[in-house]
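Visitor: Show me the folded form of this:
(4 chains)
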4 protein chains.
Amino acid sequence: MDTAQDGDLIMLIAPEKKHMLFKLQRDAEMQTHQGVLRHNDIISTPYGSKIFTHLNTALWLLRPTLRDILIHTKRRSQIIFPKDIGYILLRLSIRPGSRVLEAGTGSGALTTALAWAVGSSGNVYTYDRRNDLQSVARKNLEKVDMLDRVTFYLSDISEGFHETEVDALFLDVPDPHNYLPQVRAALRNGGEFGALLPTTTQVSVLLEALSDFGFLQIDVCEILLRFYKPIPARLRPADKMIAHTGYLVFARPDFQG
Amino acid sequence: MDTAQDGDLIMLIAPEKKHMLFKLQRDAEMQTHQGVLRHNDIISTPYGSKIFTHLNTALWLLRPTLRDILIHTKRRSQIIFPKDIGYILLRLSIRPGSRVLEAGTGSGALTTALAWAVGSSGNVYTYDRRNDLQSVARKNLEKVDMLDRVTFYLSDISEGFHETEVDALFLDVPDPHNYLPQVRAALRNGGEFGALLPTTTQVSVLLEALSDFGFLQIDVCEILLRFYKPIPARLRPADKMIAHTGYLVFARPDFQG
Amino acid sequence: MDTAQDGDLIMLIAPEKKHMLFKLQRDAEMQTHQGVLRHNDIISTPYGSKIFTHLNTALWLLRPTLRDILIHTKRRSQIIFPKDIGYILLRLSIRPGSRVLEAGTGSGALTTALAWAVGSSGNVYTYDRRNDLQSVARKNLEKVDMLDRVTFYLSDISEGFHETEVDALFLDVPDPHNYLPQVRAALRNGGEFGALLPTTTQVSVLLEALSDFGFLQIDVCEILLRFYKPIPARLRPADKMIAHTGYLVFARPDFQG
Amino acid sequence: MDTAQDGDLIMLIAPEKKHMLFKLQRDAEMQTHQGVLRHNDIISTPYGSKIFTHLNTALWLLRPTLRDILIHTKRRSQIIFPKDIGYILLRLSIRPGSRVLEAGTGSGALTTALAWAVGSSGNVYTYDRRNDLQSVARKNLEKVDMLDRVTFYLSDISEGFHETEVDALFLDVPDPHNYLPQVRAALRNGGEFGALLPTTTQVSVLLEALSDFGFLQIDVCEILLRFYKPIPARLRPADKMIAHTGYLVFARPDFQG
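Guide: Have a look, this model is predicted:
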C-alpha cells in the first residue's frame, strides 16, 4: 500500500476545498486553520485516507498531481495556466529525455511542468533577467525535488542562449519577435518553437517576424476551458469562466546549414 | 547536426500542406503524388531541410512531433483529439515511469500519447474487447517504436483489470459508470481517474456513480480550441472550429483499506 | 437638436462608469455620490452633452438604449441576459404589432424587450404566479412607459392561457415540458415557441415532450458573448466572461385542426 | 384560423429539411425536386399544416420567421449572421419608428432585419457604392414587402450621408475609421454607432479613431453560437460550429454643439 513518507510532497484537502501542499518532515509541526498538524502523524498514513487535526477536522491526504502543483505555484508574476500548459507540452512534443529551453522563467510554472515531463534524463534550460522572479521559481522547483533537471540563467536573452540543438524552445516574454535569431541558433532545425502572447497586436508582430526568419508550419490558437457544476440531476456549466489567458503561437524553423 | 537515419520515423510536408509520416528503410522506395521517393536519398539528410522528388517537388523533412503522430494515427474508430489529450496527460499527472491503465484501446491515439509520456521506464496497460481495433492500435504503436511500453489485453473490462495500484486510469468507453468497482480495484487510493464522454446524459450517469463509489474531487469540463488565420495584417479566427469532442470527467477515489 | 424633456427616461454616466437611470421630473432633486442633482438643470440639455453636479462632477447625459434599460432592470429574480434576449427576439420573429405571450414574468426583463419590439400596436401577455415578482416587473415597465402594451396575469399556467393564436410564446419556467398542451392551445400553428433552461437535464426532458406533442424544427443552442478590452495597441479579450446563462430551445407546433 | 393568402411570403419545408421561401401568386406553378406545386393548392391552407406535391411528398407550410428570411437571403456578398444581427438590433436599440442608417448595403440581410424592426413608421437609410449588390438587396427587400421603409443610396460614403439626427448608425465596411466625421454628422449626439469587422487589426484601427473623434462607451465583443443535437437521451453539441464571423464594435458620440 502506498503510504506517505518523510520527504514526500503531499497535499491535504480540508473541508470547503481548501488545499495545502507541503513536504513531510519528521518531527515538524504546522499551524493550520483546522488546528495543529504533526507531520509524524501523517508519515506512514496511506494516501487517499483521512487524517485528523487535534480539532478533529478531517483532511484528505493525497499525492499532488502536476496540476495541483501548478495551481499552488508560489507566484510573483502571472503564471501560465494548466489548460495552456497541457497543450504546450503536447505541441512541443516533450518526452522523457527531451532538452528544452524556455524564457522567461517567471515564477516557474511552465518550468515545473517541463521538468516533470522530461524526467531525470532530460534537461530544462530557463532564462530570466529578474533575479527576484527566478529565485521564486528556484524555490518552487526545489519543493518538488526537480532542481537537478533545470539550469537557471540570469541573463538577457538578447545576448543569446548557451545551448544549441535543443528539441524545443518556448518564449513567454512580451517581445518574442526580437529574439528569433537567438531562437534559431539554439533550436535544432525543424524543432518546435512556441510562444504565449496576451494581445492580438503582439501576435501580429510575431507572425511577421516568424515569416522573415524562415519559420514554417505557423499556428496560432487559443484554448478555452469550461468547467461544469458536477451535479448529476442539474448538469450545467459554471457561471463564470476565464475568457482569456493568451494566444499560443507555434512554428518550426527551416534548415539553415 | 541532426540527420535522418535508417529506421527513423520521419514526416515530409509537401506543398499545400499534405503530410506523409513513415519509417525510413534503407533501399526502400515509395510512390507519392509528387513522384518517386528513394529512402536512400533521405538518409543522412539534415532534419529541417528540403528533399526533392524526381519531379523536383520540394518536400520538407521533419521529425514528427507527438501531435503530428496523433493526427496521422491510422484509425478505425473516433480518436481522442490532441486538445483533449494534452489536458488529460496533465490531469492524470503522467510522467516518466508512470504506470497507467486505459480502456478501450480504440485506434490507440491516447495509448500512443501515454506511452510517449511515461517513457521507457513506464507502463501503459490497455484493454479492449475488439480485436480489429486493438490490432490497428498495435500497428500504430509499432510504427512509433513504443510497443515495449504497452501491454495489450483483449478482454471485457467488466471482468476487471489485471493490475493494481496503477497511478492513473482513463476510460474511453460509453458506460464508464458500470466499471467503477473494477477501477477502484486497479487504481491506487487517491490516484487520478478520468473519462471522456460525448453526451451530457452519460456525464450525469457517471457523476452519480462516482458519488456512490466514493470518488472525490470530481471535475467536469470541456476544452474548446480555436485556431487563427496566421496572417499578420489580418489576424482573425478561422471560419470554422470543432464545437465538441467530448466532456472530460476527472475524480479521485478515497481510501479503502 | 435632441434635448432632455420633463418625463424622459434618461441615463447619466459618472466617471468610473457608474450609471444612473431615472425619469426626469420638473422640480425634483436627487442625491448622488457626485452631489445633488436638480432635474430642472437637466431639462432642455442636449443629449450627448455633459451636465455638472454642484460638486462639479461631469455626468454624461444619454437616452438609455434597450440594453441599458435591461442591465438596470430592478430585479428580485435572475433576469435573462441581453445576449440571449437579442437572439430570442430574432428567433421569435418579433416585430411591430406582434402578439406575444411569455411566462414567467419574473422581474420583467424579457417583458420589457418584447414590449419594446412589438411597439404600441403590439401586445405582450405575461403570466406569473408570484405577485411579488410581477409587481417588480410592473414597476419596471411603468418606468419605461410601456405598461399599456403589456397584460399581466397572476395565475398558474397549468390552468392555461387566456389568449389564442399568439404569434410567439416564450417560457422561462423550470418545467416547460409540463405546459405544452397549454402552449399549443395559445400559439398559432407554426408559430415560434421558445424556452430558456439552465441545465442539460431540463433540456432533455423538454426535447422529449416537444416530440410527443408534435413540435417540429426543434433547435437547441447556447450563446457565448466575449468582450474585449478596447485598447487599440493591446487588443485582447477581457479576463473573465459569463460561461453560462442557459440553453435556448426553439420549436414550432405542427398543425392541429 | 391563420391560412395562407395570395401574396403571402411562405416557407415550405421538405423532408431532409430542404426549405423553400417564395411569394404565393394565384395561378402560378412551380417545379420542385418533390414535384410540381400549384400555388392555388396552397392558398387557403392553414399555416402549420402539410401540403402535398403531385408526387405525394409532404411539405410543411409555415410563415417564415425573420431568421428564416435572413438565412434565405439571396446573396452576392457575405451576409451578417443572425447571431450577430440579434445582438446588433438590441445594441442599436432599434424599435418601431426608429430612423437608422447603414452602409454598406451588401446583399441586404441587415437591411431586412432593420426594416423588420423599425416597422412601417420607421426608416432605414442604406448606402452602397456597388449597384450590383444594391440591386440584389432591393430584390430581397421587395420579396418581403418592406421596400417602402428603406431608402437606397448608391454613393460613396466618404461624401457623407444625406440624413442627420438618425437614432443609430451601423457600418459594415472594411474601413469604418475613415468615415467617423460623416458618422458624427449623421448620428444624433449619444446615438448608437456599431460596426462589424472581421480582423483584429481593423478593430485596433477603429478603436484608435473612435477615441480621436470623441466617441465614448466603446465596447468590443464577439458572439459564439453553439448548436446542440436535439436528441433527448444523447444531448450534446453539434460537431462543428462557426468559429468567427466578426468582431462587433459599439460606441456613442459625445456632444458637439
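
Visitor: For residue A:210, give its distance to residue B:47.
Guide: 19 Å (CB to CB, to the nearest Å). Yep, even glycine has a C-beta here, placed from its N, CA and C like the rest.

Visitor: Same check on residue A:19?
Guide: 43 Å.

Visitor: next one: residue A:2
Guide: 42 Å.

Visitor: Repeat that for residue A:125.
Guide: 20 Å.

Visitor: And for residue A:148?
Guide: Counting by CB to CB - residue A:148 and residue B:47 are separated by 29 Å.

Visitor: starting at the chain centroid, how far to the longest strand along chain A?
Guide: When chain A is parsed with DSSP state E, its longest strand is strand A:215-229. With CA atoms, centre = their mean, to the nearest Å as the basis, strand A:215-229 stands 17 Å off its chain's centre.

Visitor: That one pairs with which strands, parallel or anti?
Guide: Strand pairing for strand A:215-229, determined by DSSP bridges: strand A:236-237 (antiparallel), strand A:247-253 (antiparallel), strand B:215-229 (antiparallel).

Visitor: Would you mind listing what in the stretch 1-150 of chain A touches chain B?
Guide: A:1-2, A:13, A:46-50, A:60-63, A:65-67, A:82-83, A:85-93, A:95-97, A:113, A:116-121 (CB under 8 Å from any CB of the partner chain).

Visitor: Which of those fall within helices?
Guide: A:66-67, A:82-83, A:85-91, A:113, A:116-118 (DSSP state H).

Visitor: can you map out the strands along the stretch 151-257 of chain A?
Guide: Assigned by DSSP state E, counting those that start in this stretch, the stretch 151-257 of chain A shows strands spanning A:166-171, A:187-197, A:215-229, A:236-237, A:240-242, A:247-253.

Visitor: Make TSV out of those and add distance to residue C:233.
Guide: What follows is those, written out as TSV (distance: least, CB to CB, whole Å):
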stretch	distance to residue C:233
strand A:166-171	20
strand A:187-197	13
strand A:215-229	19
strand A:236-237	33
strand A:240-242	23
strand A:247-253	16
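
Visitor: Dump these to a markdown table, plus mean pLDDT and mean neighbour count.
Guide: Below are those laid out as a markdown table (pLDDT from 0 to 100; neighbours: other CB atoms under 10 Å in any protein chain shown):
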| stretch | mean pLDDT | mean neighbour count |
| --- | --- | --- |
| strand A:166-171 | 98 | 25 |
| strand A:187-197 | 96 | 24 |
| strand A:215-229 | 97 | 19 |
| strand A:236-237 | 98 | 23 |
| strand A:240-242 | 98 | 16 |
| strand A:247-253 | 97 | 24 |
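
Visitor: Pass me the low-pLDDT residue ranges in chain A, would you?
Guide: Low-confidence segments of chain A (pLDDT under 70): A:257.

Visitor: need the residues of it near chain D, please.
Guide: So far as CB under 8 Å from any CB goes, chain A lies against chain D at A:200-201, A:203-204.

Visitor: Weed out the non-buried ones from the residues you listed.
Guide: Burial of the residues of chain A next to chain D was assessed by neighbour count (16 or more other CB atoms under 10 Å in any protein chain shown); the buried members are A:200-201, A:203-204.

Visitor: Could you list which residues are in contact with residue A:207?
Guide: Taking CB atoms under 8 Å, 6 or more residues apart in numbering or on different chains, we find residue A:207 in contact with A:218, A:220, A:249, B:230-232, B:235.

Visitor: just curious, which of those is nearest to chain C?
Guide: residue B:235 (9.4 Å; CB to the nearest CB).

Visitor: quick one: that closest one from residue A:133, how far?
Guide: For residue B:235, the distance to residue A:133 - CB to CB - is 30 Å.

Visitor: Just want to know which of these two has more residues nearby.
Guide: residue B:235 (24 against 19; other CB atoms under 10 Å in any protein chain shown).

Visitor: Could you pull up phi and psi at the more buried one?
Guide: phi -60, psi 130 (degrees, to the nearest 10).

Visitor: Give the full set of residues in contact with the closest residue to it other than its chain neighbours.
Guide: Among residues not flanking residue B:235 along the chain, residue D:200 sits closest, at 4.6 Å (CB to CB, 6 or more residues apart in numbering or on different chains). Neighbouring residues of residue D:200 by CB under 8 Å, 6+ apart: A:200-201, A:203-204, B:235-236, C:235, D:247.

Visitor: Okay, and the beta partners of the closest residue in space to residue A:104 that isn't next to it in sequence?
Guide: Spatial nearest neighbour of residue A:104, excluding adjacent residues (CB to CB, 6+ apart): residue A:128 at 4.2 Å. On the basis of DSSP bridges, residue A:128 is bridged to residue A:154.

Visitor: Ok, residue A:51 next?
Guide: Here residue A:51, judged by DSSP bridges, has bridge partners residue A:59.

Visitor: That one is in contact with residue A:62, isn't it?
Guide: No - between residue A:51 and residue A:62 there is no contact under CB atoms under 8 Å: 11.0 Å.

Visitor: what sits in contact with each of these two?
Guide: Joint contacts of residue A:51 and residue A:62 (CB under 8 Å, 6+ apart) are residue A:12.

Visitor: Which one's more surrounded, these two?
Guide: residue A:62 (26 against 17).

Visitor: Give the full set of residues in contact with the more buried one.
Guide: Counting by CB under 8 Å, 6+ apart, residue A:62 has contacts A:10-13, A:47-48, A:68, B:190, B:252.

Visitor: From residue A:79, how far out is residue A:125?
Guide: Counting by CB to CB - residue A:125 and residue A:79 are separated by 19 Å.

Visitor: Residue of the stretch 1-150 of chain A nearest chain D, please.
Guide: residue A:87 (16.9 Å).

Visitor: What is the burial count for that residue?
Guide: Close neighbours of residue A:87, defined as other CB under 10 Å, add up to 27.

Visitor: isn't it right next to residue A:248, touching?
Guide: Yes - with contact defined as CB under 8 Å, residue A:87 counts as touching residue A:248 (6.8 Å).

Visitor: Common neighbours of these two, please.
Guide: Taking CB under 8 Å, 6+ apart as the contact rule, residue A:87 and residue A:248 both touch residue A:223.

Visitor: contacts for stretch A:65-73?
Guide: By CB under 8 Å, 6+ apart, stretch A:65-73 touches A:9, A:11, A:19, A:21, A:62, A:64, A:79, A:82, A:85, A:107-109, A:112-113, A:116, A:140, A:144, B:90-93, B:95, B:192.

Visitor: in the stretch 101-250 of chain A, what residue is nearest chain B?
Guide: For the stretch 101-250 of chain A, CB to the nearest CB, closest residue to chain B: residue A:189, 2.4 Å.

Visitor: Excluding chain neighbours, what is closest to that residue?
Guide: residue B:48 (2.4 Å).

Visitor: same check, this time on residue A:137
Guide: Of all residues beyond its chain neighbours, the one nearest residue A:137 is residue A:108 (2.8 Å), with distances taken as CB to CB, 6+ apart.

Visitor: Distance of that neighbour relative to residue A:173?
Guide: Taking CB to CB, one finds residue A:108 at 15 Å from residue A:173.
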